[in-house]
Structure formats: C-alpha cells, structure tokens
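J.: Following is a predicted model, sequence given first.
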Amino acid sequence: MDNKTVEQLGVDVIRGLAMDAPQRANAGHPGTAMALAPLAHVLWTRVMRYDPEDPGWADRDRFVLSCGHACILLYTMLYLTGYGLELDDLKSFRQLHSLTPGHPEVHHTPGVEVTTGPLGQGFANGVGMGVAERILRTKFGSDLVNHHTFVVCSDGDLMEGISHEAASLAGHLGLGRLVYVYDDNHITIDGPTEISLSDDPVKRFEAYGWHVENLGEAANDLDALEAGLRRAIADEDRPSLLVLRSHIGFPSPNLTDTSKAHGSPFGAAEVEATKKVMGLPADRDFYVPDEVLAFYREAGRRSRDARIAWQERLRSWDGDRQAWDAAWGQRGEPGWQSALPKWEPGRAVATRHSIKAALNAVAAAVPGLVSGGADLTGNTGTQLDGEELQSADNPGGRSVAYGVREHAMGAAMNGMALHGGIIPIGGTFFTFSDYMRGAVRLAALSDAKVIYFWTHDSVGLGEDGPTHQPVEQLAAVRAIPGLRVIRPADANESAQALRVAIEREGPTALILSRQDLPVLAGTAESASLLEKGAYVLSEGDSEPDVVLVGTGSEVSLCVDAAKILDTFGISARVVSMPSWELFEEQDDDYQDQILGTGAPVLAVEAASSFGWARYADDSVSIDRFGASGPGGEVLAYLGFTADNVAARAMALIDAMDDLDGFADIDEQDDEEDL
C-alpha cells in the first residue's frame, strides 16, 4: 500500500473512530472530529515534534484543543501515535473512571496538555504557553527551549469574550511560535452560525496584529494543510491564525453541515452509511487495520532522536542548572525562603504592599516567577522591580502587562503554569476576580500552580463604593474545590502566605488589603504556623470565656476587642485564621486545640457570613453590599470596630449562658420524668 493510500485510509479510520466512540457512549460530538481528521493527521504525522515515550519532554510542541467537545479526535491521535491509550479506552469514551472523559483533562490522560471545557479557555491557554516558551527560551537558550504551540479553535471559541482579550494580548506582544487553526464550519448547536455571528475573522485578527491566512476549502487537502501550517510556523514575529472552511460531519451522506452532527451520535444507520462512503467495513466498529496503526506508531517515533539529542544537550549544558531545575520544578532555589522579609510590631503596612516587598525579595531565587496585573500592577503588589515588561523587544521580561483583561489573564496564567517552567502571578482587585472565575475554576480542576494577588479585599477600600467593594467573593472562592485561599492579617503573615503559595502545588489566592494594617505582636514568631491555617495569636490570663477568630484586617480588631473585654474581666483568645483550606488539612486534635475550648466562638470578617457556621457560633460579618465613603468610616458604619466586636462577644457569651440554663432545665425535667 503506497504512502498516500495509507494516509487517506488513516484519515478515514480517524473519522470512523470519531463516529464509533460517541455511538457506543450514546453521547459526544462526532462531527467536528470527523471534519478535522485530515488536520489532525497532518499535525501528528508531518508537523508537530513530540515523543510518546516521554510525554513530558520539556521541548515538545504543545497541542491545545480549545474546542474540547471534539476530544475524541485528540484521544484517537493519542491512541494511534502510541501514548498508551488502547482501543478499549476509546470504547470507554465518556464512561466513569475512563481515560477518555467528555472533555480533555490534564494529568488524567497522557498527552493532554490542558483542561479545556468552557469554550475560549484553551484559546487563552495557548497564549500563556507562548509567553512561557519565549521567556524560557530567552533565559536558557534555544538549544534547550525551541518549540511551538498549536491550537485548534472553533466558532464558539471565537464568540466567547475571553478569546478577544487573549487574541488582542497575543498580537500586542508579537508572540510568534503560536499557530492557531480556526475550524470555520459554520455550525453551532442552535444551527448555522449565521443566526448569531457575522464577524469577519480575517479582518478582526489582522487588526489584532496576527498573521492571518484564509485557507478556504482545504480541510481535506493534506498537502495544502501542511503548507499553510509551515507558512505560519515560519512567521516568528506574530501569532498566526489559519482560517479553515470545514464541513462538520463530512462525509456523512445526510448529516454533513448540520447541527445534528455537532453534538449527538449519528445513529447506527448513518454510521453504516458513512463508512460505506469511505470504503470502511460497515459492519465493524473501532476498525483500525494493522497497516494504519503501524503508520501512526512510526509517526509517533519521528522525534525520538530529536528528544534524545535534546537530553544530551541538557546533560552537557554548562549554564545555570540550579536555575533550570528550580524553574522546571516550579520551586525556588535551595534556601530561597531565607530572603523573605520580616516586619516589627508597631508599623502599619497594607498587605498589598508587604506582598510586593516579599515578592521582590525572593524573585531572583525563584527563577520561574512571572508576575503581572490586569492594568493594576502597581496597585496589586505584582510589580517586579527592575524587570522589563514582556514584549517582542524584551522577550525575557518577567513582568506582564495584561491590560484590562482579567479573564484572559487567568487563562493565560493556566497556560504558563501547565506549559511548565513558570510560576505565574496575576493581580487584580478582589471584586474583579468574578471576571476571571472561569479560569480560576479550571486552575483548581487542573491543579495548575498559579498565584493570585487579589487586593482591595473588603469594604475597607472605601470611596469607590459598593461596585468595587467585595462582599460575597470570599465565600465564592472558598467554595472552589482545590483552590487554596489565604487572607493574611499583616505583613508577616503575607510573606509567609507567599512562601506557602510557592512551596505548595496547585493554585493559591492571596486576599490582600488596600488599607494599612498594623503589624501585630506575635506574627513574626508564629509565621510558620500560618501554613496550619489558624493559630492562637494571643490569650487572656485565664481559660477563655470567648474565642475571637479573625481573618485579614479584622484580626487586629479582635486583638483590640480582647483588650476591651479584659477590662470587664472577660478572658478572650484571639485566633488568626488566614486559611480555611489549610486549617482543614490539620487533624482533629490540632483543630480542637485552636477552637475547641468549650467557649463560644465569634468570627470577625468584613465579608459575607456564609460558611462561618462551620467554625463559629456567631459572626460579625456583612450580608449586604457596602457603601461609598472613606474606608474607615464604611467599616465603622457596618460594625467593624473594636467596641462593637467586644459588645457582640459579650452578647454571645450571655446568649450561650442562657442556652446552657435552658439545657440545665431540660436535663432536670428529664430526670423528674424518669
């Protein structure tokens, strides 16, 4: 069988598998995978550099399927080229605990680079990967870092606003080595794209500063696809978009170019009819002839020698191997923690400022750190002093000016982290974390090592008013599984929070104040306890009558309220609880040691009360939106004063005493009944 015949048979086999897996699962999206089978074939057999024997090879090309609903295409290519998937895995498509879930999941299936689910996320992930590659290539040299990122996106990806943000950023940065293919199939679930879309993608992306080519009706022309991809690869100065007019479901006799081909299995009769059109055995599912599998497995070995040569270059490299290992390990160099600053009690420092001091103190010893803000770099503590802004003129710049693009920033950070070699930090006002929530959720789902500096963390920010004052955001981000949330009480806690974020895996959100906060006695000595999530900051002279639990700026209120309570002969324990998630990691003995004194617990936090019932008997909190005015006045108006905290503590003690009395009466009644 000659090469062209094998190639065409291979494309048809991909299309057959793209129908068979959803048909068996009775769920899935066959049509896009069928239309893009020739593109996938060209990428995996002619263009991309990868080695299934070492899926994590640092200098491999990255592939992102932004239209993740077409994941059967990716799984098929990973099976065919030898990543360890078997036909049985394709037969288990979308089944519980299978390696072939309904959308690609990084760390779950070998060869999957990012978790793409919501449309547009993968588009922006690719931009982050391009930034990471350029920074690392500049730092370590093109002998060690020299690869491309290939992204396949759909009409839906380009409709989502995040893709506009990310495309604008990529064009502004002049990110070469990004090759995007837009699958322009004119079909969405609701019907033809014309019912909701009339953009001209060529003009739009040209305006963004991209290299754009309209490949037209080339979806089934292998040589034309390869030529277009190679022209895009050759443009080192701009990201590239290839617009490919495909026909969803091709070559189905009855479902080509229909919305039915997008999101539903074809049905047995149409699968059989389509296989007959392609010349495949109509009575066989999951058909992969030996010659086709051998062809793709050989293609999967194309870059093995390149990977071995790269490993030899790394072994003989005389560069800074300590920095290389730290960057790719997403950690600091040995002893980096000793550079963290400390602050003495008596000072007053906003935690957004102390985090900046901590970041700059350790940046040189954590070579993978890349930091930036959504047009708020100076306000959020994300500025790296002395570092150039990332740009085509400064390709090694570790500071990224994301502009007012929170959503793209979040997803690009995921791309950087999952690319490897980078620990991205991104900052914005806490209330605007809502704009990046989709990307934050995927960071947690992907266990991506990203760090958020979310500042202006409460109504204490003041005059900007309720639109900018976060209230429900703390409860919202705490509800995301896998997201570590830390709200430090002062400068010392903020430095240790950064340490935890760099040392631990997965995403971390640091919730930081706009206003100055007093440096508290005991935080420098107890800073290592921050990683336990909560610790006793101060005690009264006797067993506690009440436990005051504060986070962030409200810890100092608890300290002052404890002093007031002491004048009334009430002993108060003050607990700083910067992180619920870290506290939940501790054993029951430690948690009881901190909170289980038998005394009532009053939580104090300038945010929604939602969730505090798990730890506290009552809370001083905010279950309304804020108010416009100077921050201190707004806090006082909403009850965040030491006097009010003390009064609420005394009321809680009285209420609990009354409940104890009722309990005693009930117990006596029970004894009399007996």
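T.: Cool, the structure landed.

J.: Show me this protein divided up by domain.
T.: What automatic domain parsing lists as the domains of the chain is 3-307, 336-523, 528-660.

J.: which secondary structure elements does the helix or strand harbouring V536 contact?
T.: Per DSSP states H and E: V536 is located in strand 535-538. Contacting strand 535-538 under the criterion 3 or more C-beta pairs under 8 Å, 6 or more residues apart in numbering; DSSP states H and E are the following elements: helix 523-526, helix 554-567, strand 572-576. (C-beta placed from N, C-alpha, C; glycine too.)

J.: Could you pull up the mean pLDDT of the second one?
T.: To tie it back to what came earlier, the one meant is helix 554-567. Helix 554-567 comes out with an average pLDDT of 98.

J.: Kindly report the same for stretch 574-583.
T.: Mean predicted confidence for stretch 574-583 is 98.

J.: for stretch 628-642, same thing?
T.: 97.

J.: got the contact list for that stretch?
T.: 458-466, 469, 514-515, 554, 557, 560-561, 563-564, 604, 606, 620, 622, 626-627, 648 (C-beta atoms under 8 Å, 6 or more residues apart in numbering).

J.: In strands only, show me those.
T.: Mapping those onto strands (DSSP state E) picks out 604, 620.

J.: Show me which of the contacts of stretch 628-642 are buried.
T.: Among those, those buried by neighbour count (16 or more other C-beta atoms under 10 Å) are 458-462, 469, 514-515, 554, 557, 560-561, 564, 604, 606, 620, 622, 626, 648.

J.: A348: neighbour count?
T.: Neighbourhood size, A348 [other C-beta atoms under 10 Å]: 13.

J.: Excluding sequence neighbours, find me the nearest residue to it.
T.: The shortest distance from A348 to any non-neighbouring residue, by C-beta to C-beta, 6 or more residues apart in numbering, is to D516 (4.0 Å).

J.: Please name the residues that touch that neighbour.
T.: Here D516 is in contact with 348-350 (criterion: C-beta under 8 Å, 6+ apart).

J.: So which of the residues you listed sit within strands?
T.: Short answer: the contacts of D516 in strands (DSSP E) are 348-349.

J.: In TSV: the contacts of D516, plus pLDDT and distance to G421.
T.: Formatted as TSV, the contacts of D516 follow (pLDDT from 0 to 100; distance: C-beta to C-beta, whole Å):
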residue	pLDDT	distance to G421
A348	97	38
V349	98	32
A350	98	32
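
J.: how about the contacts of D516 in TSV, adding distance to E105?
T.: TSV is the format used below for these (distance: C-beta to C-beta, whole Å):
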residue	distance to E105
A348	46
V349	41
A350	39
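
J.: any idea which of the contacts of D516 is closest to E503?
T.: Proximity of the contacts of D516 to E503 (C-beta to C-beta) peaks at V349, which lies at 22.9 Å.

J.: Indicate which one of the helices and strands packed on strand 535-538 is closest to R398.
T.: That would be helix 523-526 among those, by C-beta to C-beta, at 28.8 Å.

J.: what are the phi and psi angles of A273?
T.: Per-residue torsions, A273: phi -60, psi -40 (degrees, to the nearest 10).

J.: Would you confirm that it contacts N254?
T.: Yes - counting by C-beta atoms under 8 Å, A273 touches N254, with 7.2 Å between them.

J.: These two: which is more packed in?
T.: A count of neighbours by other C-beta under 10 Å puts A273 above the other of A273 and N254, at 17 against 14.

J.: Look up the closest residue to the more buried one, ignoring the ones flanking it.
T.: P253 (5.2 Å).

J.: likewise A572?
T.: A572's closest residue in space is A562 (C-beta to C-beta, 6+ apart), at 3.9 Å.

J.: With K276 instead?
T.: K276 sits nearest to A282 (C-beta to C-beta, 6+ apart), 5.1 Å away.

J.: E539 too?
T.: Closest to E539 by C-beta to C-beta, 6+ apart is R573, at 5.4 Å.

J.: quick one on the thing from earlier: gap between the residue nearest to A572 and G550?
T.: 10 Å (C-beta to C-beta, to the nearest Å).

J.: shared neighbours, the two?
T.: Between them, A562 and G550 share the contacting residues V574, judged by C-beta under 8 Å, 6+ apart.

J.: ok, back up a step: now do the strand holding V536: everything it contacts.
T.: So strand 535-538 is contacted by 489, 520-523, 526, 529, 555, 559, 562, 573-576, 594 (C-beta under 8 Å, 6+ apart).

J.: Within its sheet, name the partner strands of it and how each one runs.
T.: strand 572-576 (antiparallel) (DSSP bridges).
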